[in-house]
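**Q** model the structure of this input:
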Amino acid sequence: MRPHFRFEDLEIWQLAKALAVKFHQQADELDKKKLYRYAEQLRSAGLSVPNNISEGSGSQHSTEFKQFLNIARRSLFEDSSMLLVFEDLGLIEKGEVDCLLADCDTLSRKITALSRTL
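**A** Next up is the predicted model:
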């Protein structure tokens, strides 16, 4: 039987994981355009969000968990900035960017709300 980790039950981790998959899919499209550096940057920042949530959930103190949540939230802002630049460059369609930015905003708000309860 596979072990189950506490972070898997967190709604914010589940949303962050789903968003990381979407960023990875966008990165695959950038790879097709031979924009490997952009693709890698988007993947990296996208994975940073669920990774920091999961890492922070293993903290023994809420203050430390809040720090990891802050890092995760900042990575969302990094992702959002990249999306806006890629949109201006014509690398990702506006509709896709709008959907991803809405997901980023929702997740950012949920991370902030959880952090305030700690």
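**Q** and the gap between the spatially closest residue to S48 that is not a sequence neighbour and L19?
**A** Closest residue in space to S48, ignoring its immediate chain neighbours: S75 at 4.0 Å, by Cβ to Cβ, 6 or more residues apart in numbering. For the C-beta atoms, the positions are set from N, CA and C on the backbone; glycine is no exception. As defined by Cβ to Cβ, to the nearest Å, S75 lies at a distance of 10 Å from L19.
**Q** what do these two both touch?
**A** Counting by Cβ atoms under 8 Å, 6 or more residues apart in numbering, the residues touching both S75 and L19 are G46, V49.
**Q** may I see the buried residues of the lengthiest helix in the chain?
**A** In terms of residue count, the longest helix belonging to the chain (DSSP state H) is helix 62-88. Within helix 62-88, the residues that count as buried by 16 or more other Cβ atoms under 10 Å are 65-66, 68-69, 71-73, 75-76, 78-80, 82-83, 86-87.
**Q** any idea of the mean pLDDT for it?
**A** Over the span of helix 62-88, the pLDDT mean works out to 97.
**Q** state the next helix or strand along the chain beyond it.
**A** Sequence-wise, the next helix or strand downstream of helix 62-88 (DSSP states H and E) is helix 94-117.
**Q** what sits up against that next one?
**A** Taking Cβ under 8 Å, 6+ apart as the rule, helix 94-117 contacts 10-12, 15-16, 18-19, 22-23, 26, 49, 53, 66, 69-70, 72-73, 76-77, 79-80, 83-84, 86-87.
**Q** now do stretch 1-16
**A** 49-50, 53-54, 57-58, 69, 72, 103, 106-107, 110-111, 114.
**Q** apply 7 Å and report the result again.
**A** V49, P50, I53, S54, S57, A72, L107, K110, I111, L114 (Cβ atoms under 7 Å, 6 or more residues apart in numbering).
**Q** taking the mean pLDDT, what do you get for that stretch?
**A** Summarised as a single mean, pLDDT over stretch 1-16 is 96.
**Q** mind saving the C-alpha coords of it as PDB?
**A** Output of stretch 1-16 as PDB, limited to C-alpha atoms (Å, rounded to 0.1, in the frame of the first residue of the first chain):
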ATOM      1  CA  MET A   1       0.000   0.000   0.000                       C
ATOM      2  CA  ARG A   2       1.300   3.400  -0.900                       C
ATOM      3  CA  PRO A   3       1.800   5.800   2.000                       C
ATOM      4  CA  HIS A   4      -0.500   8.800   2.300                       C
ATOM      5  CA  PHE A   5       1.000  12.200   3.200                       C
ATOM      6  CA  ARG A   6      -0.800  14.900   5.200                       C
ATOM      7  CA  PHE A   7      -0.400  17.500   2.400                       C
ATOM      8  CA  GLU A   8      -2.400  15.300   0.000                       C
ATOM      9  CA  ASP A   9      -5.500  16.200   2.000                       C
ATOM     10  CA  LEU A  10      -4.900  20.000   1.700                       C
ATOM     11  CA  GLU A  11      -7.200  21.600  -0.900                       C
ATOM     12  CA  ILE A  12      -4.400  24.100  -1.800                       C
ATOM     13  CA  TRP A  13      -2.000  21.300  -2.500                       C
ATOM     14  CA  GLN A  14      -4.500  19.600  -4.800                       C
ATOM     15  CA  LEU A  15      -5.200  22.900  -6.600                       C
ATOM     16  CA  ALA A  16      -1.500  23.600  -6.900                       C
END
